[in-house]
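Visitor: structure for the following, please:
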Amino acid sequence: MTLSEKFTETELVERILGGEKALYEIVVRRFNPWLYKIGRSYNYNHEDTLDLMQETFIDAYRNLLQFEGRSDFRTWIIRIMLNNCYRRRTKSSFRNEITQDVSDNSMPMFTSPNSDTERVVQTRELGGIIESALGKIPFDYRMVFSLRVINGLNVSETASLLNISEANVKVRLNRAKAMLQREIERTYSASELFEFNLIYCDAIVENVMKKINEL
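Guide: Got it, this is the predicted structure:
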């Protein structure tokens, strides 16, 4: 069992609040992929998503005392990310800067360490096709799809995060699926969408830990 697997989120929070600040690195590494998928599903580009992730981890650290364990930590930190995404989206200076970013070549959408060059190229192209298709889905349906399918949250968690009914979650998810091209849905696993490339994980960890050590 690795150090990351050793602690539950509640145990991590208790120990971090008890003074073991270095353990926050585990939190960052554990939730990097989740937050990345949220940012990209919000249609932020790669760089803006990384900024929002860092902001979210800092906000979460500053507000750890408010996490009382009544809800799942994943849901709690995703809510913070969603709030940060929403705030940036509504800033007048940023409204016109959000792009679908399909042509963003700064990182592959997902990678496999055993892939040959041809497969990596095909995978990257497929990632762009899928992201493009999702980017055309209306925002309300895209976010339900992201939380339920890409991030694996249950109906109750999704409803709570989006402040809609569970019935509405189910309806929106069904409609979102219907909007996607059938051939994409048949040939590719939605859970792999917007996979966070580990090459960027260390940079996020370093930046976040540097910031919280200054607090």
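
Visitor: skipping adjacent residues, who's closest to residue 57 in space?
Guide: residue 208 (4.5 Å; Cβ to Cβ, 6 or more residues apart in numbering). Glycine gets a C-beta too; all of them are placed from N, C-alpha and C.

Visitor: could you report the neighbour count for that neighbour?
Guide: Counted by other Cβ atoms under 10 Å, the residues lying close to residue 208 total 24.

Visitor: quick check: which element contains it?
Guide: In this structure, residue 208 sits in helix 201-213 according to DSSP states H and E.

Visitor: quick one: low-confidence parts of the chain?
Guide: Along the chain, the parts satisfying pLDDT under 70 run over 1-5, 70, 92-130, 181-199.

Visitor: domain boundaries for it, per the record?
Guide: Domain ranges of the chain: 1-99+198-215, 108-196, per automatic domain parsing.

Visitor: now the residue nearest to residue 65 when sequence neighbours are not counted: how far from residue 64?
Guide: Leaving aside its sequence neighbours, residue 65 sits nearest to residue 17 (Cβ to Cβ, 6+ apart; 6.7 Å). Computed as Cβ to Cβ, to the nearest Å, the residue 17 to residue 64 distance reads 6 Å.

Visitor: between these two, tell me which one has more neighbours.
Guide: Ranked by neighbour count (other Cβ under 10 Å), residue 17 and residue 64 place residue 64 first, with 16 against 12.

Visitor: tell me which element the most centrally placed residue in the chain is part of?
Guide: Nearest residue to the geometric centre of the chain (Cα atoms, centre = their mean): residue 35, 2.5 Å. Here residue 35, judged by DSSP H and E, is contained in helix 24-41.
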